[in-house]
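>>> Return a 3D structure for these sequence lines:
(one chain, ligands or ions: 1)
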Amino acid sequence: MDTPMLSRRGFTAAALAFPLIANGSTRSGSPSSPAGLSGAIGPVLTGLYADPHIVRFGDRYYIYPTTDGQRWMSTSFKCFSSSDLVNWKDEGVILDLAEVAWAETKAWAPAAARGPDGRYYFYFTAQDRIGVAVSDSPTGPFRDALGKPLIERNQFETYPIDPMVFADDDGERYLYFGNGRCIAVRLKPNMIEIDEPTARDITPESPTTEYREGAFMLRRGDTYHLSWSVNDTRSPDYQVHAATSDSPFGPFTVADNVPVLFRDGVTRGPAHHSIARLPGEDRWVICFHRFAVPGGDGMNRETCLAPLTFDEEGRMQRVDLSALRGA
Ligand code: FUB
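A predicted model of the protein is given here:
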């Protein structure tokens, strides 16, 4: 475990000092001041889970991860929920590929969103394609909405994995995906079709970064933040970079403080992340996986959480994992 002061879950209210979390803080600090943050970063889920997508629906947070520890050959998806980011409830299997006609394995890297119709839409990778499933509940059960992939192999010039769904303030929804290149496309209001003519390659081009996979999009004020994984997930140097734009389609300016998240002495391979905002606050958490501690690797990963802050210029600030652990 990271540090003896923490529980098995390893993530405490003190780590965030967010006032909405009960139990107070013995090592409090302002989340807008990285120097004031303390505590550890995880794991928050018991077991091996990777590629976590964190999202808030109603008064609960949900994490939709890849089930790990099966040599990337998992066949179903689970979900976890929490009211406080500390205590997570295992909601069980929400989609089993046994019920998906076009794929049997490689159930990876999902994302979820609420549609204009109030239903929940679950975007998932399966056997190198992307599907969409629907449910009346964020905890499922989800059923395949199309009976075929939403994004097929060779449909775009990217390896079609790692979907991310983003809802903009104006109600438009976008899908981001891809390994090697990042593709963005507007979703139709029914959430189960893409508006294909809007698709474009938005891969950030910069000498200081290399887009690999795991794209995530958020909006803070009028600024769109695209973030993604760099390097191979089997590398201890797997890390998160970020860029900004005034449009969900870019072009994106790569921040000069990349990487935003990267390894330290304990945490190896910290990436494939997602970010959630605390309701009504300019306070954010970054959810990511790392090699399980101890003994993990790129196929045996665990899910962690850490506070994420922005600097005065509106850029994501580097997450100092060592400082968060109090190291
Ligand atoms: O979990 C399988 C793959 O590993 C994901 O699709 C990638 O983003 C990487 O994390």
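>>> which residues touch the spatially most central residue of the chain?
Among the residues of the chain, the one closest to the centroid is residue 274, at 2.3 Å (Cα atoms, centre = their mean). By Cβ atoms under 8 Å, 6 or more residues apart in numbering, the contact list for residue 274 reads 52-55, 111, 164, 216, 286-288. (Each C-beta comes from the backbone N, C-alpha and C, glycine too.)
>>> For it, give me phi and psi.
Here is the backbone geometry of residue 274 (degrees, to the nearest 10): phi -150, psi 170.
>>> tell me which parts of this structure are close to the ligand?
50-51, 66, 72, 108-109, 125, 161-162, 213-214, 229, 233, 272 (Cβ under 6 Å from any ligand atom).
>>> Which of those residues sits closest to residue 313?
residue 229 (23.5 Å; Cβ to Cβ).
>>> Quick check, that closest one in contact with residue 242.
No: under the criterion of Cβ atoms under 8 Å, residue 229 makes no contact with residue 242, lying 11.1 Å away.
>>> Tabulate the contacts of residue 274 (CSV), appending pLDDT.
Formatted as CSV, the contacts of residue 274 follow (pLDDT from 0 to 100):
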residue, pLDDT
52, 98
53, 98
54, 98
55, 98
111, 98
164, 98
216, 98
286, 95
287, 96
288, 97
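>>> With distance to residue 279, secondary structure and neighbour count added, can I get these in a markdown table?
Compiled in a markdown table, these are given as follows (distance: Cβ to Cβ, whole Å; DSSP: H, G, I helix; E, B strand; the rest coil; neighbours: other Cβ atoms under 10 Å):
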| residue | distance to residue 279 | secondary structure | neighbour count |
| --- | --- | --- | --- |
| 52 | 19 | strand | 26 |
| 53 | 18 | strand | 30 |
| 54 | 13 | strand | 26 |
| 55 | 12 | strand | 21 |
| 111 | 19 | strand | 26 |
| 164 | 21 | strand | 26 |
| 216 | 19 | strand | 25 |
| 286 | 17 | strand | 25 |
| 287 | 16 | strand | 27 |
| 288 | 21 | strand | 33 |
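>>> between these, which is nearest residue 263?
The closest of those, once distances to residue 263 are taken by Cβ to Cβ, is residue 288, at 11.4 Å.
>>> residues in contact with the spatially closest residue to the closest one that is not a sequence neighbour?
Spatially, and ignoring its direct neighbours in sequence, residue 288 is nearest to residue 273 (3.8 Å; Cβ to Cβ, 6 or more residues apart in numbering). For residue 273, the contacting residues are 52, 214, 216, 227, 229, 240, 261, 286-289, by Cβ under 8 Å, 6+ apart.
>>> got it, and residue 60?
81-83, 138.
>>> hmm, which of these are the buried ones?
81-82, 138 (16 or more other Cβ atoms under 10 Å).
>>> and which of these is nearest to residue 310?
For those, the nearest to residue 310 is residue 82 (23.4 Å; Cβ to Cβ).
>>> surely the closest one meets residue 61?
Yes: taking contacts as Cβ under 8 Å, residue 82 lies within contact range of residue 61: 4.9 Å.
>>> Show me the shaky parts of the stretch 1-150 of the chain.
1-40 (pLDDT under 70).
>>> try 50 this time
Within the stretch 1-150 of the chain, the segments meeting pLDDT under 50 span 1-15, 17-40.
>>> Show me which residues of whichever helix or strand the residue nearest to residue 288 is part of are buried.
Assigned by DSSP states H and E, residue 273 belongs to strand 271-277. Within strand 271-277, the residues that qualify as buried are 271-276, counting by 16+ other Cβ under 10 Å.
>>> got those residues as a markdown table, with pLDDT columns?
Output for the buried residues of strand 271-277, formatted as a markdown table (pLDDT from 0 to 100):
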| residue | pLDDT |
| --- | --- |
| 271 | 98 |
| 272 | 98 |
| 273 | 98 |
| 274 | 98 |
| 275 | 97 |
| 276 | 96 |
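>>> Could I get those in TSV, plus columns for distance to residue 196?
TSV is the format used below for those (distance: Cβ to Cβ, whole Å):
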residue	distance to residue 196
271	29
272	26
273	28
274	25
275	27
276	29
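>>> Quickly name whichever of the residues you listed is closest to the ligand.
Proximity of those to the ligand (Cβ to the nearest ligand atom) peaks at residue 272, which lies at 3.9 Å.
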